[in-house]
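Student: After the sequence you'll find the predicted model.
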Amino acid sequence: MSGLFNVLVIVAVIALVVVRQFSARRIAEDKRWWLLPGVLLVLSVREKGLTDPRHEALSLVILGAGLLVGLVTGAGWGWTARLWREQDGTLWSRGTGATVFVWTGGVALRAALAGGALLLGIHQGTAALLAALAMTLFARGGVLTWRARRMCPSYGVAAEGISAHSVWKDRV
């Protein structure tokens, strides 16, 4: 795949995710939350230029730092999202003001890493950015899934396999 295709995928995914994040969205409680990040990660690994062959060790360090920034940004994003259940038991999510700060900090850190790599003469292709985006979405999905599973169902709605007695017993 070409670098232009990767850039288009990155821009499309970011636009979709940001627009969806800041509007109230119903969250499907299924086990496929990792699918989009998994596809993005496979696309990034298949792409040439994930590391700079002239500076293998340093480019691996910068790639690792970029993946770590992605994980931290995604986890922060998942923690700052507001989650709630409606009366019918459906789960909803929406980004908050803190989410904007998490995104801004993540973008700034990623830009600093890219600038540092450029100053060191290390060429990072779009595959590294795609992998960092995959890590961000993976961490966000994992945190939201974990938080959603810990939420009690709304009043009068029984969760699958959870009795009112067991929920109350755990709270006391």
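Tutor: Great, that's in hand.

Student: Any figure for the gap between the spatially most central residue of the chain and Gly66?
Tutor: To find the centre residue of the chain, average its C-alpha atoms and take the closest one (C-alpha atoms, centre = their mean): that gives Leu137, at 2.0 Å. Taking C-beta to C-beta, to the nearest Å as the measure, Leu137 falls 14 Å from Gly66. (Glycine included, C-beta is placed from N, CA and C.)

Student: now the helices for the chain?
Tutor: Shown for the chain, the helices assigned by DSSP state H span residues 3-21, 35-46, 56-80, 97-119, 126-150, 164-171.

Student: For the residue nearest to the centre of the chain, give me the pLDDT.
Tutor: Taken from the predicted model, the pLDDT recorded for Leu137 is 91.

Student: residues touching it, list them.
Tutor: The neighbours of Leu137, taking C-beta atoms under 8 Å, 6 or more residues apart in numbering as the test, are 13, 17, 36-37, 40, 74.

Student: change it to 10 Å
Tutor: Leu137 sits next to 13-14, 17, 33-41, 70, 73-74, 77-78 when contact means C-beta atoms under 10 Å, 6 or more residues apart in numbering.

Student: likewise Trp84?
Tutor: Each residue near Trp84 by C-beta under 10 Å, 6+ apart is listed here: 24, 90-94, 151, 154.

Student: May I have the beta-bridge partners of it?
Tutor: Per DSSP bridges, the residues bridged to Trp84 are Trp92.

Student: ok, now how distant is it from Leu137?
Tutor: The span separating Trp84 from Leu137 equals 22 Å under the rule C-beta to C-beta.

Student: Could you do Ala114 as well?
Tutor: Here Ala114 is placed at a distance of 19 Å from Leu137 (C-beta to C-beta).

Student: Not counting residues beside it along the chain, what's closest to Gly141?
Tutor: Nearest non-adjacent residue to Gly141, counting by C-beta to C-beta, 6 or more residues apart in numbering: Trp33, 3.8 Å away.

Student: quick one, phi psi at the one you found?
Tutor: Note on Trp33: its backbone torsions stand at phi -60, psi -20 [degrees, to the nearest 10].

Student: likewise Ile122?
Tutor: Geometry field for Ile122 lists phi and psi as phi -100, psi 130, criterion degrees, to the nearest 10.
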